[in-house]
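Undergrad: Provided below for reference: sequence and predicted model.
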Amino acid sequence: MSICSGGGWSGSALVLGSILGFDAVWRVLIVEDDSQMRDFFAASVQRSPSLALARSVATVADAIGVLSDASQVVDVLLTDLGLPDGSGLEVIRYARRSHPDCEALVISMFGDEDNVLASIEAGALGYIHKDAAPDDIAKTILEMKAGASPISPMIARRVLFKYRAMQTDAAIAPALSAYGAIKNEAMDSAKSLLSRREQEVLELVSRGFSYSEIAELKNLSVHTIQTHIKSLYGKLEVHSKMEAVLEATRMGLLPQKLQSSAAR
């Protein structure tokens with residue numbers, strides 16, 4: 001455990017500070033490309049004796065540079081999402097990897113719930129609105145470091161809904177997989193029902209050819225074609241060309257495009 005430069009403490013230093021009778025100071029990295037807004041958040045952080053400004057930067061690259069500096073301690077990441085060279089989501093993910101004890105908040109606008117939801121999925125614990133009062137900004141950061149997740153009931157509900165949807169998808173996936181396997185097995189079984197010659201005759205029937213035309217195409221007698229037709233009727237349990245085509249299509253023996261007139 002180490003003491004940060006500038007009087008800040010990192011990680012579990014809060015516990016030691018409480019034991020020794022003084023408060024820890026959380027160091028905050030601000031990532032915001034609007035200079036006025038960046039200065040506003042920096043001033044809000046510096047108003048609180050429990051917070052210290054680690055750095056305030058304007059780009060993803062600068063933020064990652066700070067987080068990559070082994071001598072730099074960052075306890076809180078306060079980041080906008082729309083940055084000139086990328087997304088604040090990249091900064092959140094990098095902070096999680098490089099500073100496991102660092103906790104992230106997103107700088108948000110009202111009506112930006114979809115982006116807030118994406119940031120929470122990336123690892124942020126909540127968000128601060130851009131029009132929040134300076135004291136509210138410091139209070140929100142300190143509440144997060146005390147264990148809270150500053151998100152609205154609406155965002156919390158959407159997170160819960162998405163989590164439940166993921167659970168439902170995970171639960172039905174095995175059933176869908178089993179159904180697919182059964183369906184494929186049934187189709188394979190159906191395809192083996194007819195002989196090769198019966199399958200050829202069926203496909204020609206489905207395309208509208210007459211018995212005599214099929215006999216000529218296959219160089220067989222009409223009687224032989226009729227025998228194949230009678231056999232496949234029995235196997236499909238049908239009594240006409242149209243019924244044969246419809247039933248064969250339902251069983252997967254014929255492509256959908258061949259489900260046309262069975263006779264010309």
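TA: Great, that's in hand. Numbers count the residues shown, from 1 in each chain.

Undergrad: use CA for all of it now, contacts and neighbours both
TA: OK.

Undergrad: for the stretch 151-264 of the chain, which spans come out with low pLDDT?
TA: 152-192, 255-264 (pLDDT under 70).

Undergrad: show me where it has its strands.
TA: Assigned strands in the stretch 151-264 of the chain: none (criterion: DSSP state E, counting those that start in this stretch).

Undergrad: show me where it has helices.
TA: Counting by DSSP state H, counting those that start in this stretch, the segments of the stretch 151-264 of the chain that form helices are 153-191, 196-206, 211-218, 222-236, 241-250.

Undergrad: is it true that L81 touches L105?
TA: No: at 10.5 Å, L81 and L105 do not qualify as touching, with contact defined as C-alpha atoms under 8 Å.

Undergrad: more neighbours, those two?
TA: Between L81 and L105, L105 has the larger neighbour count (other C-alpha atoms under 10 Å), namely 27 against 23.

Undergrad: hmm, the more buried one is touching L77, no?
TA: Yes: contact criterion C-alpha under 8 Å: L105 and L77 qualify, at 6.1 Å.

Undergrad: quick one: end-to-end length of stretch 69-79, please.
TA: Taking C-alpha to C-alpha, to the nearest Å as the measure, stretch 69-79 stretches 18 Å from start to finish.

Undergrad: residues of stretch 108-125 that come out buried?
TA: Buried residues in stretch 108-125, counting neighbours by 16 or more other C-alpha atoms under 10 Å, are found at 108-109, 115-117, 119-120, 122-125.

Undergrad: quick one: neighbours of N219, just the number.
TA: If you count neighbours by other C-alpha under 10 Å, N219 ends up with 9.

Undergrad: swap that for E32, please
TA: Using other C-alpha under 10 Å, E32 is surrounded by 26 other residues.

Undergrad: contact partners for it?
TA: 38, 56-59, 79-80, 83 (C-alpha atoms under 8 Å, 6 or more residues apart in numbering).

Undergrad: could you check how far it is from V60?
TA: 9 Å.

Undergrad: now swap in I214 and tell me
TA: Counting by C-alpha to C-alpha, the separation of I214 from V60 is 71 Å.

Undergrad: neighbour-wise, which of those two wins?
TA: It is V60, of I214 and V60, that has more neighbours when counted by other C-alpha under 10 Å, with 25 against 20.
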